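1. 3D, please:
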Amino acid sequence: MTMPAVLQPTSKRYGYSTSDKINKHPGHSINVKKERTLVVDSCTIYIIGVIHGLEREGERVRAAFRDFRPDCIALGIPAEDIDTIKKFADEGMEFDMLPEQECFFEHLSRYGRTSVPPPDLLASYNISVEEGIPIETLDMNDEEYAEVFTKKVSLISFIRNSRRNKKLVKMEFDAPTAEDFVDEWERRYNSMRQFKAIERAREKNMASSLVSLAGKYGRVLAVIPYQRFDGVVNSIEKA
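-> Numbers count the residues shown, from 1 in each chain. Predicted structure coming up:
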């Protein structure tokens with residue numbers, strides 16, 4: 001994989017180059033692989049947007065690591081999830097999923113082999129162990145998320161959203177690519193304003209965490225959920 005060239009910063013603090021890989025599917029919409037290189041101060045951050053659950057994303061992370069050779073891998077997950085991934089890698093364990101999560105993976109399997117925990121996260125953890133480099137997390141921890149959720153979502157909104165998501169399990173999806181499916185799922189799953197606000201807060205938190213890591217490392221590989229990629233990049237660029 002050819003890494004995108006890093007442009008000279010357009011301001012004293014930030015510079016960036018784009019590398020959204022576009023694959024055209026005849027008769028269908030354009031399939032975009034989200035990748036971006038950002039420069040924050042003296043740190044180069046290579047961000048990839050991954051679809052959690054697709055097995056091919058694990059190899060994508062490994063390829064990015066081989067080409068970029070980062071000092072650190074940063075994951076768009078809460079800190080508590082690292083222990084779960086470690087237990088799976090070391091001991092193996094079964095994962096319980098909510099009905100809507102099972103539905104998501106069932107639809108996602110149309111586009112390639114799937115597995116849990118997400119192969120991109122497992123690959124990232126294994127690389128950190130194999131190569132002896134630190135792994136960092138970017139998302140809100142459970143306590144922070146609970147605080148944001150409580151502030152933004154009323155009881156009525158929570159009940160309404162729960163009812164909508166129960167209907168989501170019965171809906172049909174006909175997206176031509178995995179990326180299109182994830183975008184459509186996101187629009188339906190977080191259709192209410194209050195829940196969209198939570199996702200924006202998560203994106204800003206990930207962006208802030210990445211900027212903080214730029215003060216500790218020279219090269220950071222950031223593995224971000226596909227749905228959150230644009231918001232994270234935009235937040236860093238606007239900072």
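2. what about the chain, any weak spots by pLDDT?
-> 1-32, 92-94 (pLDDT under 70).
3. which residues of it fall in helices?
-> 56-68, 80-91, 99-108, 119-131, 142-152, 155-168, 178-189, 193-213, 229-238 (DSSP state H).
4. Now tabulate these in a markdown table and tack on mean neighbour count and distance to residue 37.
-> No exception for glycine: its C-beta is placed from N, CA and C like everyone else's. Formatted as a markdown table, the helices of the chain follow (neighbours: other CB atoms under 10 Å; distance: least, CB to CB, whole Å):
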| stretch | mean neighbour count | distance to residue 37 |
| --- | --- | --- |
| helix 56-68 | 18 | 9 |
| helix 80-91 | 14 | 25 |
| helix 99-108 | 16 | 27 |
| helix 119-131 | 19 | 18 |
| helix 142-152 | 13 | 28 |
| helix 155-168 | 12 | 35 |
| helix 178-189 | 18 | 20 |
| helix 193-213 | 19 | 12 |
| helix 229-238 | 19 | 10 |
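5. could you dump those to JSON lines with distance to residue 39?
-> JSON lines is the format used below for these (distance: least, CB to CB, whole Å):
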{"stretch": "helix 56-68", "distance to residue 39": "13"}
{"stretch": "helix 80-91", "distance to residue 39": "27"}
{"stretch": "helix 99-108", "distance to residue 39": "33"}
{"stretch": "helix 119-131", "distance to residue 39": "22"}
{"stretch": "helix 142-152", "distance to residue 39": "28"}
{"stretch": "helix 155-168", "distance to residue 39": "38"}
{"stretch": "helix 178-189", "distance to residue 39": "26"}
{"stretch": "helix 193-213", "distance to residue 39": "12"}
{"stretch": "helix 229-238", "distance to residue 39": "10"}
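6. out of those helices, nearest to residue 47?
-> With CB to CB as the criterion, residue 47 lies closest to helix 229-238 of the helices of the chain, at 6.5 Å.
7. other SSEs contacting the closest one?
-> strand 14-18, strand 35-40, strand 43-50, helix 193-213 (3 or more CB pairs under 8 Å, 6 or more residues apart in numbering; DSSP states H and E).
8. do you know which of those lies nearest residue 232?
-> helix 193-213 (4.8 Å).
9. With just CA atoms, put the closest one into CSV.
-> What follows is helix 193-213, C-alpha atoms only, in CSV (Å, rounded to 0.1, in the frame of the first residue of the first chain):
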residue,chain,number,x,y,z
ARG,A,193,-31.0,14.5,17.1
GLN,A,194,-30.0,13.7,20.6
PHE,A,195,-28.1,10.5,19.6
LYS,A,196,-26.4,12.3,16.7
ALA,A,197,-25.2,14.8,19.3
ILE,A,198,-23.6,12.0,21.4
GLU,A,199,-21.7,10.8,18.3
ARG,A,200,-20.4,14.3,17.6
ALA,A,201,-19.2,14.5,21.2
ARG,A,202,-17.4,11.2,20.8
GLU,A,203,-15.7,12.4,17.6
LYS,A,204,-14.5,15.6,19.2
ASN,A,205,-13.2,13.6,22.1
MET,A,206,-11.3,11.3,19.8
ALA,A,207,-9.9,14.3,17.9
SER,A,208,-8.8,15.9,21.2
SER,A,209,-7.1,12.7,22.3
LEU,A,210,-5.2,12.4,19.0
VAL,A,211,-3.9,16.0,19.3
SER,A,212,-2.8,15.2,22.8
LEU,A,213,-0.9,12.1,21.6
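10. now for it, which elements pack on it?
-> Using 3+ CB pairs under 8 Å, 6+ apart, helix 193-213 is in contact with strand 43-50, strand 72-75, strand 135-137, helix 142-152, helix 155-168, strand 219-225, helix 229-238.
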